[in-house]
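*Asks:* need a 3D model of the following:
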Amino acid sequence: MAPDRLPDSPVRISYKHCFHQHFLVILWLASWLCAFYHLSGSTLAAAQPAPPPEQGAIPAGLVRVYLPLTGSADQALQSTIRRLRDRLLAQAKDQKDARRPLLVLQLDSQQVGDDVGGSRFERAFSLARFLCSREMAGVKTVAYVPHTLRGHGVLLALASEEIVMAGDASIGAAGADEAAEGTIQQTLVAAYREIAETQRTIPVALAVGMIDPQVEVLQVEAEDGTHFLLQKDLEEFATNHEIINEKILVPVGTLAEFDGREGRQFGFVKYLASTRQGLATALDVSLDSLAEDDSLVETWRPVVIDVTGELTAKTASRVETLLGVAIEQQNANWICVRIDSSGGDVEAGLRIASALARLDANSVRTVAYVPAEAKGAAALVALSCDQLAMAPTARLSSVAVNAKRLGDVGPREQAAALQAIRQSLSLRTDHSWSLLAAMIDPSIEIAEYQNKETGETRIFSPAEIEELPDAAAWQHRAAIDPVNGQLSFDGQQAVERGIAWRTVDTFDDLKQPFGLQGEIPNPQPNKALEFIEALATPELAIILLMVGFAGIYIELRTPGVGAGAFIGAVALLLFFWSKYLDGTAGWLEILLFAGGFSFVLLEFFVIPGFGIFGLGGGAMMLASLVLASLTFVRPHSEAEVEELSRSVGTVALAGLGMMAIVLASRRYLPQAPLFRQIVLEPPRNEELEDLGHRESLADYSALIGLQGTAATDLRPAGKARINHELIDVIAEAEPLDNGTPIVVIEARGSRVVVRAAGQS
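*Replies:* Take a look at the predicted model:
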């Protein structure tokens, strides 16, 4: 019987020991085999030929299209697009890339007030047909819509082969401008249909629904998918398709409009992207390739306009005139505004900024260059340009909180400026209204915010953030605090925060990105503008007023001659003309002066005595002369009080000068050889005696009390029929018309004085 369990023996122990040793050897051999396998595998892999490198990114380029399209913007854009097309095709050929390059059109719509589009149909349609032409067959056109797009600019999206939109941006309402004027013309509908049928980027029914509010657009589910149809086409469609479901997408009386997410759902939006970084990712191209290339313009025609010193109404008028000269006479399409100013009149700065912002960015590129300083109102001018370049040490700053010096902002003009910035200027620039407003009101808190969805960084105030439709998507990133009571950015800080385009050490460095060489024209005021500015100076204004009033006085002393009236009228016209062109006088001042002068004449010639019409008319004339040198009616700041004092002083000195001329004319004018023949010199004593003797030879005293009839108009002298005789008479108080009953009240010699019968 075998035992259930045997005790360990020496032989058994030896067997177990050998087993463990062999097991360790096997493990050691296995580890070496694995190492050898990996080593040999990597060696074999290294010996294999490397896979071909991935094909490079598709050549791409971007042209920024500023909407609305006006003037000849379509021609300028066609030239730029052709140059970019040729460059992209050459780049693809060099890379031996058979894929079609991407030509991106960034459609930036600037909506001001109720202006939802503003593009001229002819300009938009011309550019759309160009995009659909065979010329553009070598490249793929992509419309990028980062913001809401309405009006006829929608044609450019229809004419592109792909559309990329921001999710919250909208596209549509193409006929909004036309609908406001009446019935949509069928030629416009046909044009939209033509472009939509050519490219097939957007369904034709949706394109027609965007332009014509009289159609009804349906979304129809059939066995073969989703279709978009006009109501009138539904019956024909139903004969060939089995309709599963239908719904009204765009009812009659409305214009089709869809946001990016809806466009993505309906299939006509290829990708969603809110920034160029997102656009580059969606298109699988490099971000650098989507940067604007300033050398694409065929020929830059540059000019430089200097804005220096304190900004005044005169500065604004000068810059506006030079802008007109540069564009209309020199046909400039690149305008550099070189700014070195510590600010000044806010209204003047807004005038310059608005004039620059209103320029068509498709036809004229505006570049602000700040080599040293742009403060307050001057900073508004810099930020209103398409691009801002600064020297690294230059300062872009706001006015100080407690500014008291001449030209700084008063409460009234500050409030008006803030309203103009919010409602107009900010809508025409790439900057938020908060940043622009902070330049003249540093008490506005601004900060840097970042969009959680897109990564975009912008400067806003808390008030502006609350107004944004996607306010929840913006996160506070960094506060921007005033330093010593004012906001201030140097060149590098402005670039980092997205305020400035780039920093440049010299003006020559600024010219390089645009391919500009040589001396750039710097237009200066012509002789006419210098003459106007000279007339508007206080010294010459005093002289003009003195001459004007002296001429009127001389005319009153020499009735019927006209020399004094002519000289006085010319002097006063020059005064008001210079003030009007200088930006300080308008129709109010001119009407006040004309009305006051009319009242004075009425009191002097018609109404006896000197009462309310004379005093009121004189006050109106003085008020018009004072207001003609002011940009306000009531002063609200120390600067305006000083300006009012200067204007009142100018009028007062002119009045004193006129009195001196009057006294001199009474004493010396009658003896002047030139005026001796036209000025009525009072008769001497002996002449008066001789005149009285001659008048006494005729005696009409018997006519006193008799009545008669005026035979002619008495103005005041004329003829009257009295006692069946025709006699020369003089009306006593007021002119009398022919046929008026008269009565003789005085007869001295041959001088017969009459008045209207029945008057006391």
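
*Asks:* counting neighbours, what do you get for Gly739?
*Replies:* Neighbourhood size, Gly739 [other C-beta atoms under 10 Å]: 11. Just so you know, the C-beta spots here come from the backbone N, C-alpha and C atoms, and that holds for glycine as well.

*Asks:* could you do Arg301 as well?
*Replies:* 16.

*Asks:* so it sits right up against Trp334, yeah?
*Replies:* Yes. If you go by C-beta atoms under 8 Å, Arg301 and Trp334 touch, sitting 6.5 Å apart.

*Asks:* for Ala98, give its distance to Glu135.
*Replies:* Ala98 is 20 Å from Glu135, where distance means C-beta to C-beta, to the nearest Å.

*Asks:* tell me which of the two has more neighbours.
*Replies:* Applying other C-beta under 10 Å to Ala98 and Glu135 shows that Glu135 carries more neighbours, namely 13 against 8.

*Asks:* check contacts around that one.
*Replies:* Arg82, Arg85 (C-beta atoms under 8 Å, 6 or more residues apart in numbering).

*Asks:* and it, helix, strand or coil?
*Replies:* Under DSSP: H, G, I helix; E, B strand; the rest coil, the three-state class of Glu135 is helix.

*Asks:* how about the strands in the stretch 651-760 of the chain?
*Replies:* All strands of the stretch 651-760 of the chain, identified by DSSP state E, counting those that start in this stretch, fall at 707-710, 717-722, 725-731, 741-748, 751-756.

*Asks:* nearest to Gly343 among the ones you listed would be which one?
*Replies:* Gly343 lies closest, by C-beta to C-beta, to one member of the strands of the stretch 651-760 of the chain: strand 725-731, at 64.1 Å.

*Asks:* hmm, back to that, can I get the strands of the stretch 651-760 of the chain in JSON lines including mean neighbour count?
*Replies:* Below are the strands of the stretch 651-760 of the chain laid out as JSON lines (neighbours: other C-beta atoms under 10 Å):
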{"stretch": "strand 707-710", "mean neighbour count": "18"}
{"stretch": "strand 717-722", "mean neighbour count": "18"}
{"stretch": "strand 725-731", "mean neighbour count": "17"}
{"stretch": "strand 741-748", "mean neighbour count": "18"}
{"stretch": "strand 751-756", "mean neighbour count": "20"}
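
*Asks:* helix or strand for the closest residue to Leu436 other than its chain neighbours, which one?
*Replies:* Once flanking residues are discounted, Leu436 sits nearest to Ile421: 4.9 Å by C-beta to C-beta, 6 or more residues apart in numbering. Secondary structure assignment for Ile421, by DSSP states H and E: helix 411-423.

*Asks:* again with Ala374
*Replies:* Ala374 belongs to strand 373-375, assigned by DSSP H and E.

*Asks:* what does that strand contact?
*Replies:* Residues from elsewhere that reach strand 373-375 (C-beta under 8 Å, 6+ apart): 339-343, 368, 381-382, 394-399.

*Asks:* picking that back up, quick one: closest of the strands of the stretch 651-760 of the chain to Ile520.
*Replies:* Minimum separation from Ile520 across the strands of the stretch 651-760 of the chain (C-beta to C-beta) falls at strand 717-722, 71.1 Å.

*Asks:* am I right that Ile163 sits in a strand?
*Replies:* Yes. Under three-state DSSP, Ile163 sits within a strand.

*Asks:* if we can go back for a sec, now the strands of the stretch 651-760 of the chain in TSV, with mean pLDDT?
*Replies:* Formatted as TSV, the strands of the stretch 651-760 of the chain follow (pLDDT from 0 to 100):
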stretch	mean pLDDT
strand 707-710	90
strand 717-722	88
strand 725-731	87
strand 741-748	87
strand 751-756	87
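
*Asks:* turn those strands into JSON lines, columns for distance to Leu627.
*Replies:* Shown next, in JSON lines, are the strands of the stretch 651-760 of the chain (distance: least, C-beta to C-beta, whole Å):
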{"stretch": "strand 707-710", "distance to Leu627": "45"}
{"stretch": "strand 717-722", "distance to Leu627": "42"}
{"stretch": "strand 725-731", "distance to Leu627": "40"}
{"stretch": "strand 741-748", "distance to Leu627": "46"}
{"stretch": "strand 751-756", "distance to Leu627": "42"}
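
*Asks:* returning to what we had before: buried subset of the contacts of strand 373-375?
*Replies:* Those of the contacts of strand 373-375 that meet the buried threshold are 339-343, 368, 381-382, 394-399, by 16 or more other C-beta atoms under 10 Å.

*Asks:* now those residues in JSON lines, with distance to Phe125, pLDDT and secondary structure?
*Replies:* Listed next are the buried ones among the contacts of strand 373-375 as JSON lines, based on distance: C-beta to C-beta, whole Å; pLDDT from 0 to 100; DSSP: H, G, I helix; E, B strand; the rest coil:
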{"residue": "Ile339", "distance to Phe125": "39", "pLDDT": "95", "secondary structure": "strand"}
{"residue": "Asp340", "distance to Phe125": "44", "pLDDT": "94", "secondary structure": "strand"}
{"residue": "Ser341", "distance to Phe125": "43", "pLDDT": "93", "secondary structure": "strand"}
{"residue": "Ser342", "distance to Phe125": "48", "pLDDT": "89", "secondary structure": "coil"}
{"residue": "Gly343", "distance to Phe125": "45", "pLDDT": "87", "secondary structure": "coil"}
{"residue": "Ala368", "distance to Phe125": "34", "pLDDT": "96", "secondary structure": "strand"}
{"residue": "Val381", "distance to Phe125": "35", "pLDDT": "95", "secondary structure": "helix"}
{"residue": "Ala382", "distance to Phe125": "36", "pLDDT": "95", "secondary structure": "helix"}
{"residue": "Ala394", "distance to Phe125": "44", "pLDDT": "95", "secondary structure": "coil"}
{"residue": "Arg395", "distance to Phe125": "46", "pLDDT": "94", "secondary structure": "strand"}
{"residue": "Leu396", "distance to Phe125": "41", "pLDDT": "95", "secondary structure": "strand"}
{"residue": "Ser397", "distance to Phe125": "46", "pLDDT": "93", "secondary structure": "strand"}
{"residue": "Ser398", "distance to Phe125": "44", "pLDDT": "90", "secondary structure": "coil"}
{"residue": "Val399", "distance to Phe125": "46", "pLDDT": "83", "secondary structure": "coil"}
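
*Asks:* domains in the protein, by residue range?
*Replies:* If you go by automatic domain parsing, the domain ranges for the chain are 60-215+252-290, 302-442+482-514, 527-586+628-671, 685-756.

*Asks:* that concludes my questions; thank you for your assistance.
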